[in-house]
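Colleague: Predicted model and sequence below, questions to follow.
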Amino acid sequence: MQFSPFPPGAAARHCVFYADSVYYFRSLYNRSIRRAYGQIACFHFFHPAARRRLQENSGRNHGGRIGMNSQSFYRASAAQDSDEAILSRHLVVNCAGVYANNAPFTTQSKQGRQDFYLLFLDTGHMDVFFGGETVRIASGDLTVYYPGTPYHYAKTNADAFAYYWAHFTGSGACALLSACGFPQTGVYPTGAGGNVQMLFHLLFRDFILHDGCWEISAAAHLTDIAVSLGRRARLAGARKDPAAWLDASLQYINAHYASELSVAALAEMCHLSAGRYCSVFKAETGLSPQSYIVALRLENARALMLRTDLSLKQIAAAVGYEDALYFSRLFKRHTGMPPSQYRRSQKM
């Protein structure tokens, strides 16, 4: 699919887009991130408010792999660095990009910025300075700066290196970060892997398209990035957070509740013994694994009774009970009425 923000024929005359579809970005994510991402031949005809700086990196990094290009995207002019606080709107992405260069460098701002700053280290190592403390961050670490916070970080070697970044503002920005587990300035380990790189490139695509919906889409993709990083950080701290141990099994239960599910198999997904799994499960959900599964099945059975004309036997089979009589007894035990009476009462 060729998708261009330019009038018919203009894109063909002035540039070639390779990064022009969600499918393309997904395929990029499945390749090595050290290959060039969406290399674009582009010139001055981009919308001025979306001026794009494309900097070639230092050639080939160690190992002979071609590094991706550094890219910067700005909501307003790059000369002003889009540094502003906008509290009249819920969420606004001021600027974003990726920096990929093997050379040593230092970045410092003694006053900080008016907006929020996310820096996700994708490849390599970097020193981050907080007051008199130096923190060495590695691939998969996220650094968050709140407005007005000075920032200072440096790369001191010539190793392969890349980080993704975004500055954003809005009345909902602080609540978004807090809800995702980033309540203050600091470094948060999130672990390697995941879909963060792909989400950033979808954010970059919004700046490139610059259509009537681009700022709404950019805010949505920034939210996706924060949520993805928050979930990764939670999983990275799973050894300290018992609730995170259950994620894999809870997702599996909700997707396969109508199948035969054994506690032993669910515990194995979380690398726990069956006894420890049951203990953690009840502490976090208030139910035993089997009670949770029954409750989930009955909840879906109620939904089918209300939204379909399937027979009770068909509904019982759909939620995992081949014996319709057993299903009816179980339903009555948990709801206080048989399924046929429940269905009638909801249609009155």
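Modeller: Looks like it arrived, so ask away. Note that this is a predicted model, so its numbers are computed, not measured. Numbers count the residues shown, from 1 in each chain.

Colleague: Please make it C-alpha for all contacts and neighbour counts, starting now.
Modeller: OK.

Colleague: Is it correct that Ile137 falls within a strand?
Modeller: Yes. The assignment for Ile137 is a strand, going by DSSP: H, G, I helix; E, B strand; the rest coil.

Colleague: hey, where'd the helices end up in the protein?
Modeller: With helices called from DSSP state H, the chain shows them at 10-14, 22-30, 173-179, 196-209, 214-236, 242-245, 247-255, 263-269, 274-285, 289-307, 312-318, 324-335, 339-347.

Colleague: Return the most buried member of those helices.
Modeller: Burial among these, expressed as mean neighbours by mean count of other C-alpha atoms under 10 Å, is greatest for helix 196-209, which shows a mean of 22.

Colleague: helices or strands up against that one?
Modeller: helix 22-30, strand 70-74, strand 92-100, helix 214-236 (3 or more C-alpha pairs under 8 Å, 6 or more residues apart in numbering; DSSP states H and E).

Colleague: same thing but at 6 Å, please
Modeller: Taking 3 or more C-alpha pairs under 6 Å, 6 or more residues apart in numbering; DSSP states H and E as the contact definition, the neighbouring helices and strands of helix 196-209 are helix 214-236.

Colleague: contacts for the helix it packs on?
Modeller: Outside helix 214-236, the residues within contact range by C-alpha atoms under 6 Å, 6 or more residues apart in numbering are 91-92, 180-181, 189-191, 203, 206, 244.

Colleague: Can you tell me which of the residues you listed has the most neighbours?
Modeller: When those are compared by neighbour count (other C-alpha atoms under 10 Å), Leu203 ends up highest, at 27 neighbours.

Colleague: Sketch out the low-pLDDT regions of this protein for me.
Modeller: Low-confidence segments of the chain (pLDDT under 70): 1-68, 77-80, 193, 237-244, 348.

Colleague: can you list the domains in it?
Modeller: If the domains of the chain are taken from automatic domain parsing, they occupy 10-236, 242-347, with pieces of a single domain joined by a plus sign.

Colleague: Distance from the chain centre to stretch 210-226, please.
Modeller: Mean C-alpha position of stretch 210-226 versus that of the full chain (C-alpha atoms, centre = their mean, to the nearest Å) differs by 13 Å.

Colleague: Just the C-alphas of it, formatted as PDB.
Modeller: Coordinates of each C-alpha in stretch 210-226 appear next as PDB, following Å, rounded to 0.1, in the frame of the first residue of the first chain:
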ATOM      1  CA  HIS A 210       1.100  15.200   9.100                       C
ATOM      2  CA  ASP A 211      -2.600  14.900   8.100                       C
ATOM      3  CA  GLY A 212      -5.600  16.100   9.900                       C
ATOM      4  CA  CYS A 213      -5.500  13.400  12.500                       C
ATOM      5  CA  TRP A 214      -1.700  13.200  13.100                       C
ATOM      6  CA  GLU A 215      -1.600  14.800  16.500                       C
ATOM      7  CA  ILE A 216      -4.400  12.600  17.800                       C
ATOM      8  CA  SER A 217      -2.700   9.500  16.400                       C
ATOM      9  CA  ALA A 218       0.700  10.700  17.800                       C
ATOM     10  CA  ALA A 219      -0.900  11.000  21.300                       C
ATOM     11  CA  ALA A 220      -2.300   7.500  21.000                       C
ATOM     12  CA  HIS A 221       1.000   6.000  19.900                       C
ATOM     13  CA  LEU A 222       2.800   7.800  22.800                       C
ATOM     14  CA  THR A 223       0.200   6.300  25.200                       C
ATOM     15  CA  ASP A 224       1.000   2.900  23.600                       C
ATOM     16  CA  ILE A 225       4.700   3.400  24.200                       C
ATOM     17  CA  ALA A 226       4.200   4.400  27.800                       C
END
